[in-house]
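>>> Just the structure for this:
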Amino acid sequence: MPYCGDLCYKGGMKHLSSQSGNALIYVLIVVALFAALNFVLSRQTDTTETGILSQEKTEILAGQILATSSQIKQAVDMMLYSGSGIDELTFTTPDDEPAFSTGSSIHKLFHPDGGAAILPAIPAEAIAQASTDPVAKWYIGRFNNVEWTESGAEDVILVAHQLGKTICESINEKLTGSTTIPALTAGKTLANLMIDDAFHTGTNEDFDAADCAGCNGWPQLCVSDSGVTMYSYYSIVAQN
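This is a model prediction of the structure:
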């Protein structure tokens, strides 16, 4: 075989150098793609209040809130159809002991012997807590009257307290076709009108049309406090 000298040597080095350069480019591309994937995943899993929810995620969360409300209403309706009086219903939860396990259980909404209802936690991404009095969560009770129901007796109200604004807008769009969020009149609070005062420091008041003009006639809606700093969804699940 003829000796090719420095030419073959230099040509071989040039070929190896080209291969190394290509490999480096591939590595850099893989690193860039991996970084981009991590960024996308971090945005999708961001559950902090500063995280920006996508429109699709917002609609899913709003749908979950409404689905929970529908399930609780169905459980209450079944209890009423089965002979429980609305004034007999009790709303103690499994973590409320000893009240949950003592006494008659047939009229307890969340007891297996009663309504067997389950009230799941509000998804963390849907919450925007502005106050701990009371904390953001689901509440249900019979403690006041809603003016636009059939009588002046106490109704059963379910509330998802302290939701994010975009979740509230999405809920109302599904219910009314508009993202408009009615606000309470000055001096009125979401807690006093919608949550049993056993859970907060205020005092319950009847929920009148004058307290929220945009709420009048609606059996369920998402509203804000008068300062437009807090948002809650209410559902009248049983009218007395």
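>>> Spatially central residue for the protein, please.
Against the mean C-alpha coordinate of the chain, by C-alpha atoms, centre = their mean, the closest residue is residue 126 at 3.8 Å.
>>> show me what contacts it?
Residues in contact with residue 126 (C-beta atoms under 8 Å, 6 or more residues apart in numbering) are 61-62, 64-65, 160, 163-164, 167. Just so you know, the C-beta spots here come from the backbone N, C-alpha and C atoms, and that holds for glycine as well.
>>> Now tabulate those residues in a markdown table and tack on distance to residue 106.
Shown next, in a markdown table, are those (distance: C-beta to C-beta, whole Å):
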| residue | distance to residue 106 |
| --- | --- |
| 61 | 34 |
| 62 | 34 |
| 64 | 29 |
| 65 | 29 |
| 160 | 27 |
| 163 | 33 |
| 164 | 38 |
| 167 | 35 |
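>>> Next step: the residues you listed restricted to helices.
Among the contacts of residue 126, the members falling in helices are 61-62, 64-65, 167 (criterion: DSSP state H).
>>> Any chance of a markdown table for the contacts of residue 126, columns neighbour count, distance to residue 183 and pLDDT?
Formatted as a markdown table, the contacts of residue 126 follow (neighbours: other C-beta atoms under 10 Å; distance: C-beta to C-beta, whole Å; pLDDT from 0 to 100):
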| residue | neighbour count | distance to residue 183 | pLDDT |
| --- | --- | --- | --- |
| 61 | 23 | 22 | 98 |
| 62 | 25 | 19 | 98 |
| 64 | 16 | 24 | 97 |
| 65 | 23 | 19 | 98 |
| 160 | 27 | 17 | 98 |
| 163 | 28 | 14 | 98 |
| 164 | 20 | 16 | 98 |
| 167 | 27 | 16 | 98 |
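>>> Which member of those residues is positioned nearest residue 176?
residue 62 (12.5 Å; C-beta to C-beta).
>>> distance of the closest one from residue 89?
Here residue 62 is placed at a distance of 27 Å from residue 89 (C-beta to C-beta, to the nearest Å).
>>> now the ones in helices among the contacts of residue 126 in JSON lines, with distance to residue 132?
Formatted as JSON lines, these follow (distance: C-beta to C-beta, whole Å):
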{"residue": "61", "distance to residue 132": "22"}
{"residue": "62", "distance to residue 132": "24"}
{"residue": "64", "distance to residue 132": "23"}
{"residue": "65", "distance to residue 132": "21"}
{"residue": "167", "distance to residue 132": "19"}
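>>> Could you work out the most separated pair of those?
Largest pairwise distance in the ones in helices among the contacts of residue 126, by C-beta to C-beta, is 9.6 Å, between 64 and 167.
>>> so what are the domain limits for this protein?
6-39, 55-238 (automatic domain parsing).
>>> ranking the ones you listed by burial, who's on top?
The highest average neighbour count among those, using mean count of other C-beta atoms under 10 Å, belongs to domain 55-238 at a mean of 17.
>>> Now do it: distance to the chain's middle.
Relative to its chain's centre, domain 55-238 lies at 12 Å (C-alpha atoms, centre = their mean, to the nearest Å).
>>> State the distance from residue 169 to residue 183.
Distance from residue 169 to residue 183, by C-beta to C-beta: 13 Å.
>>> hang on, residue 224 packs against residue 185?
No. Applying C-beta atoms under 8 Å as the test, residue 224 and residue 185 come out as separate, 11.4 Å apart.
>>> Identify the residue nearest residue 119 in space, chain neighbours excluded?
Distances taken as C-beta to C-beta, 6 or more residues apart in numbering put residue 138 closest to residue 119, at 5.2 Å, once the chain neighbours are dropped.
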